[in-house]
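# fold the stuff below for me.
(one chain, ligands or ions: 2)
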Amino acid sequence: MIYTLTLNPSVDYIVTVDQFAAGKTNRTSAEMKNPGGKGINVSRVLNHLNIKTKALGFIGGFTGEFIEKSLQNEGVETNFIKVDGDTRINIKLRADAETEINGRSPKIGQKHLDQLKKQLRQLKSGDILVLAGSVPDCLPATIYRELVQEIDSNEVKIIVDTSGQPLIESLSASPFLIKPNHHELADVFGVSNISVNEAATLGKKLIDKGVDNIIVSMAGEGALFIHRDKTILGSVPKGDVKNSVGAGDSVVAGFIASYIYSDSLEEAFRYGLAAGSATAFSEGFCQKELINKLMKEVSITNL
Ligand SMILES: Nc1ncnc2c1ncn2[C@@H]1O[C@H](COP(=O)(O)OP(=O)(O)OP(=O)(O)O)[C@@H](O)[C@H]1O
Ligand SMILES: O=P(O)(O)OC[C@@]1(O)O[C@H](CO)[C@@H](O)[C@@H]1O
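Ligands and ions are numbered 1, 2, ... in the order given. Prediction:
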């Protein structure tokens with residue numbers, strides 16, 4: 001089974017304002033409310049690709065109910081733990097530029113954490129666990145590593161998509177895959193504005209720390225795939241970007257979808273990039289048909 005864990009889900013309120021004026025009353029020309037949070041997005045994209053997952057995490061209040069109902073309506077299996085307080089609402093403002101305001105998590109108590117640990121103890125050899133998104137303020141930055149320690153089997157593949165200290169702390173859990181973007185990777189080393197070659201060098205340092213595979217996404221500039229004995233540069237298709245929310249999550253979902261069938265890391269990397277771009281070029285999340293079309297435009301070069 002593939003499990004996704006979103007410690008800090010969100011209702012994504014995506015609003016389009018034709019001409020945004022700061023400090024004025026602006027009116028929307030379009031708006032959407034979607035269940036969000038990185039792990040939930042991975043589950044939703046995999047569902048588009050007819051792959052079953054179980055979405056785990058903490059939800060609360062009317063926003064939490066909205067998320068649970070929306071996922072159930074789409075056919076995504078969930079096993080959320082209910083907390084007091086409302087799940088956050090994240091604002092994605094589409095105007096000339098895209099601006100995001102991400103909210104804070106409701107409080108998560110020890111009993112909720114214990115419930116989650118109990119769920120994770122049910123995971124079995126061959127399962128995949130995707131730990132994705134920010135860590136709520138009330139939890140320690142080490143939480144992903146601590147949660148992985150609850151899993152009995154060493155044969156569960158761990159995928160981590162987070163940033164900052166939680167990403168650094170998760171490295172010692174020996175993840176099968178991490179997917180930082182180039183800014184997040186640079187951040188791990190306290191640097192900024194890295195070139196592709198610098199990203200490859202920094203990525204290899206994380207491989208030396210015990211990570212099996214790394215995808216470093218660089219938006220429209222392509223992506224790197226780094227494995228112990230090879231580094232590959234992937235191109236991404238050219239197109240009209242309509243939506244960047246969930247593009248990175250689609251890379252993770254696409255990678256998983258392809259890997260479980262092909263068992264080929266290179267094919268999975270290419271499919272992940274095609275899925276990321278298919279989401280970027282769509283109003284909602286990627287669909288199979290567009291991913292397959294874009295696959296032809298993703299080329300890879302060994303570095
Ligand atoms: N301008 C673009 N043209 C083509 N594909 C794009 C573009 N921007 C993003 N993508 C696709 O989306 C993927 C993820 O983009 P990015 O590197 O911005 O990740 P991210 O920062 O994790 O994304 P996000 O947090 O917005 O979901 C890229 O690997 C690519 O497949
Ligand atoms: O605040 P976090 O947890 O880092 O990111 C949350 C978020 O921005 O990530 C998803 C897109 O990747 C959105 O659905 C959601 O709003």
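
# give me the distance between V160 and I67.
22 Å (C-beta to C-beta, to the nearest Å). Where C-beta positions appear, they are placed from N, C-alpha and C, glycine not excepted.

# and the residue of the stretch 51-200 of the chain that's closest to ligand 1?
N181 (3.7 Å; C-beta to the nearest ligand atom).

# so what's that residue up against?
Applying C-beta atoms under 8 Å, 6 or more residues apart in numbering, we find N181 in contact with V216, S217, M218, A219, G248.

# ok, those vs N73, which is closest?
Nearest to N73 among the contacts of N181: G248, at 24.5 Å, using C-beta to C-beta.

# report the buried residues of the host helix or strand of the closest one.
Element membership for G248, per DSSP states H and E: helix 247-262. Within helix 247-262, the residues scored as buried using 16 or more other C-beta atoms under 10 Å are 247-259.

# so can I have TSV of those residues showing distance to L171?
Formatted as TSV, these follow (distance: C-beta to C-beta, whole Å):
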residue	distance to L171
A247	24
G248	19
D249	20
S250	24
V251	19
V252	17
A253	22
G254	23
F255	19
I256	20
A257	25
S258	24
Y259	21
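
# could I get those residues as a markdown table with pLDDT?
A markdown table is the format used below for these (pLDDT from 0 to 100):
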| residue | pLDDT |
| --- | --- |
| A247 | 98 |
| G248 | 98 |
| D249 | 98 |
| S250 | 98 |
| V251 | 98 |
| V252 | 98 |
| A253 | 98 |
| G254 | 98 |
| F255 | 98 |
| I256 | 98 |
| A257 | 98 |
| S258 | 98 |
| Y259 | 98 |
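
# so which of those residues reach ligand 2?
G248, D249 (C-beta under 6 Å from any ligand atom).

# for the buried residues of helix 247-262, which one is nearest ligand 1?
Closest approach between the buried residues of helix 247-262 and ligand 1, by C-beta to the nearest ligand atom: G248, at 2.1 Å.

# give me the neighbour count for the closest residue to K288 other than its chain neighbours.
Once flanking residues are discounted, K288 sits nearest to L49: 6.0 Å by C-beta to C-beta, 6 or more residues apart in numbering. Neighbourhood size, L49 [other C-beta atoms under 10 Å]: 19.

# what pLDDT does L49 get?
You'll see L49 listed with a pLDDT of 97.

# beta partners for the residue of the stretch 51-200 of the chain closest to ligand 1?
Beta-bridge partners of N181, counted by DSSP bridges, are S217.

# pLDDT score for it?
Reported pLDDT for N181: 97.

# ok, whichever residue of the chain sits closest to ligand 2 - contacts?
Relative to ligand 2, the nearest point of the chain is G36 (2.9 Å; C-beta to the nearest ligand atom). G36 is in contact with P9, S10, V11, D12, I67, N90, V245, G246, counting by C-beta under 8 Å, 6+ apart.
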